[in-house]
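In: Sequence first, predicted model second:
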Amino acid sequence: MNLESIYRRKVVDAATAMATIESGNSIYVGGGAGAPAVLVHALCDRADELRDVQLIHILTFIDAPYVDPKYEGSFRSNSLFIGHNVRKAVQEGRADFTPIFLSEIPGLFQKKILPIDVALISLSPPDEHGFCSFGVEVGTTKPAAESARVIIAEVNRQMPRTLGDSFIHVSRLTHVVETNYPLPEAPQGGSTPENQLIGAHIAEMIPDGATLQMGIGSIPDAVLQNLSGHKDLGIHTELFSDGVVTLFEQGVINCSRKSFHSGKMVAGFLFGSERLYRFVDNNPIVELHPTQYVNDPFNIALNDNMVAINAALQVDLTGQVCADSIGSVFYSGVGGQLDFIRGAARSKGGLPIIALPSTAKNDTISRISLKLTEGSGVTTTRNDVHYIVTEYGVASLYGKTIRQRARALIDIAHPNFRDELTCAAHRMGYL
Ligand code: COA
């Protein structure tokens, strides 16, 4: 049988594909901008016939109708990283959260700690050899699909064909649902003056020839906007967006001095505008890989001058960083923060950076505080922390005493809170 007829035999409509799903199944939902919107809605149409279906996913940039209270008993979501579309449900106890490093998510599926019955994914159309690309979300979706008993794939004509360890053969797919719709796009611009200052401080720390990782949130884009005067930058990151395309077009990013995957931008997933999705389509400078590879701290460390830039919600005066909860209210997840902080710390010339605006809620809350708010998780420990950056400057904490750390952090706190923090640090015996 030729490839075309193997593929054609698998093509069904979404309702037929969803008939495969049974009560009690554990389903992986493709992540990020590669989330399969048509399949998710078709699954919800079957809610009345299904009980106790678990939906496992990272961030998905589509609606998550399955967390609607009306589906209680049919579906329960389990986030490995909490996105805006499930945050309320997690916070209200109607959905679950599993803390886990991005580098270790594939292992959960492969070792059957979280066994996957069915993977719902999005793919590019097959090439002449019968291979479909996972497109913009390879990181956790490829390992999940490879671990699943049943793979139901939307083959979306608008999914870019990204290169790297990013392919699956059509013969592996159980059902194909053909779709043709634009991928979700990340909002562009909107950087605050504080983030621009943070971006400028970080840009000063980055040497020419460095390899960059950018975490999630509004700060990474602000950093990229400040790098147009740099030379020969490289990319090794879990995710990137349009800012990287701009710097590539300006000749700033060329990956020529990378010591690992020289000449290539390495990533796990992508989220940006249509411009980014066209840029990565069939583009040999971009390689996507699963996160057990991209986020492995030992692989990250093979990049000399690795600069990891991650955001945070709160830092205490000893250097403990919280990035995934506001007090005991879960907000996101560790994602790749510690993978990259540790990888950059091991890299020759590496710079592990945590960046955050000095305040939240219109300057009413200092994000630099004596203690983390009760219930907060420690995302980056005080043993791992190196540099903390706010709009007021850079605090270098690694190898420093608690007294030195408290001083350095108070110096980059918002001026309105410095006296209060100083008194509190004295009372605590830090100063
Ligand atoms: N106390 C109370 N509220 C706070 C706060 C604090 N100390 N710090 C932030 N907030 C509020 C903000 O005001 C904002 O609220 P709003 O949405 O009502 O305006 C919200 O929390 C989010 O803060 P913000 O700083 O705008 O978040 P961001 O979008 O820039 O993302 C992180 C920052 C830390 C949440 C994000 O990077 C993340 O989830 N990181 C996870 C770990 C990581 O870095 N992994 C690597 C990438 S996978």
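Out: Perfect, thanks for sending it.
In: Buried ones in the host helix or strand of S5, by neighbour count?
Out: Taking DSSP states H and E as the criterion, S5 maps to helix 3-10. Neighbour-count burial for helix 3-10 flags 3, 7, 10 (criterion: 16 or more other C-beta atoms under 10 Å). Backbone N, C-alpha and C define where each C-beta goes, glycine included.
In: what residues does that helix touch?
Out: Contacts with helix 3-10, where a contact means C-beta atoms under 8 Å, 6 or more residues apart in numbering, come from 126, 128-130, 170-171, 173-176.
In: Swap in 6 Å and give it another go.
Out: Helix 3-10 is contacted from outside by 126, 130, 170-171, 173, 175-176, using C-beta atoms under 6 Å, 6 or more residues apart in numbering.
In: just to revisit the earlier point, just curious, which of the buried residues of helix 3-10 is nearest to the ligand?
Out: Proximity of these to the ligand (C-beta to the nearest ligand atom) peaks at K10, which lies at 33.2 Å.
In: how near is that closest one to T380?
Out: Taking C-beta to C-beta, to the nearest Å as the measure, K10 falls 45 Å from T380.
In: which parts of the stretch 201-350 of the chain sit against the ligand?
Out: Selection of the stretch 201-350 of the chain residues close to the ligand by C-beta under 6 Å from any ligand atom yields 215-218, 238, 310-314, 323-324, 326, 331-332, 334-337.
In: one more time with 8 Å
Out: Applying C-beta under 8 Å from any ligand atom, one finds that the stretch 201-350 of the chain approaches the ligand through 215-219, 238-239, 310-314, 322-324, 326-327, 331-337, 340.
In: Filter those down to the buried ones.
Out: 215-217, 219, 238-239, 310-314, 322-324, 326, 331-337, 340.
In: Just the ones of those residues in helices?
Out: Applying DSSP state H to those, the entries found in helices are 219, 337, 340.
In: pLDDT value on the closest residue to I121 other than its chain neighbours, please?
Out: Closest residue in space to I121, ignoring its immediate chain neighbours: G30 at 4.1 Å, by C-beta to C-beta, 6 or more residues apart in numbering. Per-residue pLDDT puts G30 at 98.
In: dump the residue contacts of G30.
Out: G30 is in contact with 36, 121-122, 137, 141, counting by C-beta under 6 Å, 6+ apart.
In: any idea how far it lies from M214?
Out: 22 Å.
In: can you check D281 too?
Out: Distance from D281 to M214, by C-beta to C-beta: 21 Å.
In: Those two - which one has more neighbours?
Out: Comparing D281 with M214 by other C-beta atoms under 10 Å, the one with more neighbours is M214, at 25 against 18.
In: ok, back up a step: so of the contacts of helix 3-10, which two are at opposite extremes in space?
Out: Maximum pairwise distance among the contacts of helix 3-10 (C-beta to C-beta): 15.9 Å, between G130 and H175.
In: Pick out whichever of the two has more residues nearby.
Out: Per other C-beta under 10 Å, whichever of G130 and H175 has more neighbours is H175, with 22 against 17.
In: so that one bridges to which residues?
Out: Assessed by DSSP bridges, H175 has beta-bridge partners I152.
In: My understanding was that it contacts V12; is that so?
Out: Yes: counting by C-beta atoms under 6 Å, H175 does reach V12; the two are 5.2 Å apart.
In: returning to what we had before: pull the CA coordinates from the helix or strand just after the helix holding S5 and hand them back as CSV.
Out: Heading C-terminal from helix 3-10, the first helix or strand you meet, by DSSP H and E, is helix 14-18. The C-alpha trace of helix 14-18 is given here as CSV (Å, rounded to 0.1, in the frame of the first residue of the first chain):
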residue,chain,number,x,y,z
ALA,A,14,-13.6,14.6,14.6
ALA,A,15,-16.8,12.9,16.0
THR,A,16,-15.7,9.5,14.7
ALA,A,17,-12.2,9.9,16.1
MET,A,18,-13.6,10.8,19.5
